[in-house]
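1. Compute the structure for the input listed below.
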Amino acid sequence: MKLRFDRAARRIWKDRAMSTAALACVVVALVPLGSILFTAASQGIQSLNPGFFTSAVPPPCGSASTETCTPGGVGNAIEGTLVLVGLASLVAMPVGVLAGIYLSEYGNNRLGRGVRFFVDVMLQIPSIVVGIFAYTLIFELGRAGWTDPRSVFSTLTGVLALATIMVPIIARTSEEALKLVPNATREAALALGLPKHRVITGVVLGSARSGLVTGALLGVARVSGETAPLIMTAFGSPYFFQGLNQPIAAMPLVIYTFGLSPYPNWQHLAWGAAFVLVLMMLGISVVSRLALRGRFSLAEVAR
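-> Numbering: from 1, shown residues only. From the prediction side, this is the model:
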């Protein structure tokens with residue numbers, strides 16, 4: 001068979017080469033992700049049982065033998081993670097999306113550039129610094145008599161730290177998602193007589209909803225595995241949720257503490273908690289993608 005090297009053939013070969021290179025990059029990116037999931041599953045699945053999800057953190061082992069260890073579970077840590085991430089999302093998502101709307105639709109001025117620079121700086125701040133900030137803020141408010149001094153190590157302080165981490169992530173991803181909406185779409189809606197706020201809420205946000213959800217998921221995934229700020233704020237607890245002004249357990253804290261412990265039952269629970277945390281983030285991502293499979297309908301804007 002005679003090979004062709006004319007212009008059309010070269011374009012075909014270049015297309016195939018780039019497609020192969022892109023596929024190879026995807027495989028390379030999936031290898032570490034797959035290895036993390038496989039390791040967490042192989043090490044943690046043996047710890048999964050009904051008591052793992054319903055029991056609280058167990059006491060340490062009395063000896064090196066697993067037969068003398070209390071099995072226990074991480075039910076309180078799972079509940080604590082859901083409470084912390086849920087409350088932080090309720091605070092951060094509206095603020096982040098509104099900040100993204102401002103930067104995208106109204107931020108082409110000096111104030112907008114300043115806000116964008118401030119958001120970019122917040123993205124680079126280490127999470128432990130955010131934890132110290134939340135700790136110091138609640139501590140100073142307690143010294144001034146505005147809050148309960150015992151709230152320094154509490155659910156409220158943990159939520160403040162996680163929300164502070166989430167806001168700049170959601171703001172920047174929301175801004176980029178909204179910028180991807182063509183200006184012709186905005187102009188067409190304005191030409192129909194819709195006020196600008198209706199164009200933003202009804203047309204622009206709807207067209208960029210996939211990107212907005214992706215940004216929110218990035219924020220949730222980022223804070224779900226944060227340990228450093230929770231050491232300074234939520235502190236950890238062997239009990240289930242007892243109130244916003246009390247310390248609370250969290251899965252990253254359990255993984256960090258149990259993974260470094262010399263007790264076999266704690267090490268097994270650390271692997272199980274890591275596996276459950278990975279599955280939780282994977283499940284959130286899959287469910288959200290399935291929910292967004294339907295295309296944006298202009299009939300929704302008309303309503």
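
2. neighbours of A163, just the number please.
-> By the criterion of other C-beta atoms under 10 Å, A163 has 23 neighbours. For glycine as for every other residue, the C-beta is placed from the backbone atoms N, C-alpha and C.

3. Now do the contacts for it.
-> L87, A88, V91, A92, V95 (C-beta atoms under 8 Å, 6 or more residues apart in numbering).

4. which element is it on?
-> In the assignment (DSSP states H and E), A163 maps to helix 155-179.

5. likewise V223?
-> Going by DSSP H and E, V223 is in helix 209-224.

6. L84 and G211, how far apart?
-> Taking C-beta to C-beta, to the nearest Å as the measure, L84 falls 25 Å from G211.

7. For the two, indicate the residue with more neighbours.
-> L84 (28 against 19).

8. Next, that one: phi, psi?
-> The phi/psi pair for L84 (degrees, to the nearest 10) reads phi -60, psi -50.

9. Contacts only, for the spatially closest residue to it that is not a sequence neighbour.
-> Sequence neighbours aside, G158 is the residue nearest to L84 in space, at 5.2 Å (criterion: C-beta to C-beta, 6 or more residues apart in numbering). If a contact means C-beta under 8 Å, 6+ apart, then G158 has L84, A134, P229, L230, T233, A234, I248, A250 as its contacts.

10. try it again with 6 Å
-> Shown in contact with G158 (C-beta atoms under 6 Å, 6 or more residues apart in numbering): L84, L230, T233, A234.

11. could the residues you listed go into TSV alongside distance to A177, pLDDT and secondary structure?
-> Output for those, formatted as TSV (distance: C-beta to C-beta, whole Å; pLDDT from 0 to 100; DSSP: H, G, I helix; E, B strand; the rest coil):
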residue	distance to A177	pLDDT	secondary structure
L84	26	95	helix
L230	29	93	helix
T233	30	93	coil
A234	31	92	coil
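
12. Pull the most distant pair out of those.
-> Farthest apart among those by C-beta to C-beta are L84 and T233. That separation is 9.3 Å.

13. What is the burial count for G283?
-> 10.

14. hmm, I was thinking of A270
-> 23.

15. correct me, but it touches G259?
-> Yes. Because the distance of 4.1 Å satisfies C-beta atoms under 6 Å, A270 is recorded as touching G259.

16. shouldn't F240 be in contact with N76?
-> Yes. Contact status for F240 versus N76: in contact at 4.6 Å, counting by C-beta under 6 Å.
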